[in-house]
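*Asks:* Sequence and predicted structure, then a few things I'm wondering about:
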Amino acid sequence: GNISKRFSASGFPFARYSGACPLWSVHAAFLTPGFIRTQLSEMPDGSRWFSLARTVRKAGGGHHVRQSRFAIELGCEARRANEIVYADGTDLAAKAAIPVGVSCRMCERMDCRQRAFPPMHHRIAIDENVRGLSFYYSPGKDR
């Protein structure tokens, strides 16, 4: 989807020119419209974030006009998440945070099964004799 607005009071590195990491919960919010989805994420630099995402509807221009649906994601550093009621019941110290990135081109995670584009800072060897999830997925090669 398109990112319409990016606001960061905490210095979160949003993708400026391309789509965001497909592992962010905001993309899955469309699977459960109107429900709040929470996620504990870890960036390649080790920073951890807590986020919540849900869909919202925008009224159309008339009875037969289809309503638009958008997804919104709000987040904070994981160390501050205990101040948010939506983090209740989430193990914020869990080692099993979702490994996310900014975008495929900026991400350092070479073993991401969702990678759709080659990383800017790494070379990828493509073997035309091997068929995998995508040309850019390198299983077992992290960083």
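*Replies:* Now that the structure is in, tell me what you want to look at.

*Asks:* Name the surrounding residues that touch stretch 67-75.
*Replies:* 1, 4, 12, 24-27, 29-30, 33, 41, 49-60 (Cβ atoms under 8 Å, 6 or more residues apart in numbering). (Each C-beta comes from the backbone N, C-alpha and C, glycine too.)

*Asks:* For the spatially most central residue of the chain, which non-adjacent residue is closest in space?
*Replies:* The residue lying closest to the centre of the chain (Cα atoms, centre = their mean) is residue 24, at 2.0 Å. Counting by Cβ to Cβ, 6 or more residues apart in numbering, residue 24 lies nearest to residue 100, which is 5.8 Å off, once chain neighbours are set aside.

*Asks:* how close does the residue located most distally from the centre of the chain get to residue 57?
*Replies:* Distance from the C-alpha centroid of the chain, by Cα atoms, centre = their mean, peaks at residue 63 (34.3 Å). Per Cβ to Cβ, to the nearest Å, residue 63 is found 15 Å from residue 57.

*Asks:* how close does residue 20 sit to residue 53?
*Replies:* Separation of residue 20 from residue 53 (Cβ to Cβ) stands at 11 Å.

*Asks:* low pLDDT regions in the protein?
*Replies:* Across the chain, the ranges flagged by pLDDT under 70 are 1-18, 125, 131-143.

*Asks:* can you give me the strands for it?
*Replies:* With strands called from DSSP state E, the chain shows them at 37-42, 48-58, 68-77, 98-99.

*Asks:* List the contacts of the last one.
*Replies:* Contact with strand 98-99 is made by 23, 25, 39, 40, 41, 42, 44, 109, 112, as judged by Cβ under 8 Å, 6+ apart.

*Asks:* residue ranges of the helices in the protein, please?
*Replies:* 25-28 (DSSP state H).

*Asks:* Next, work out how far apart the spatially closest residue to residue 87 that is not a sequence neighbour and residue 68 are.
*Replies:* Nearest non-adjacent residue to residue 87, counting by Cβ to Cβ, 6+ apart: residue 81, 4.1 Å away. The gap separating residue 81 from residue 68 is 30 Å, by Cβ to Cβ.
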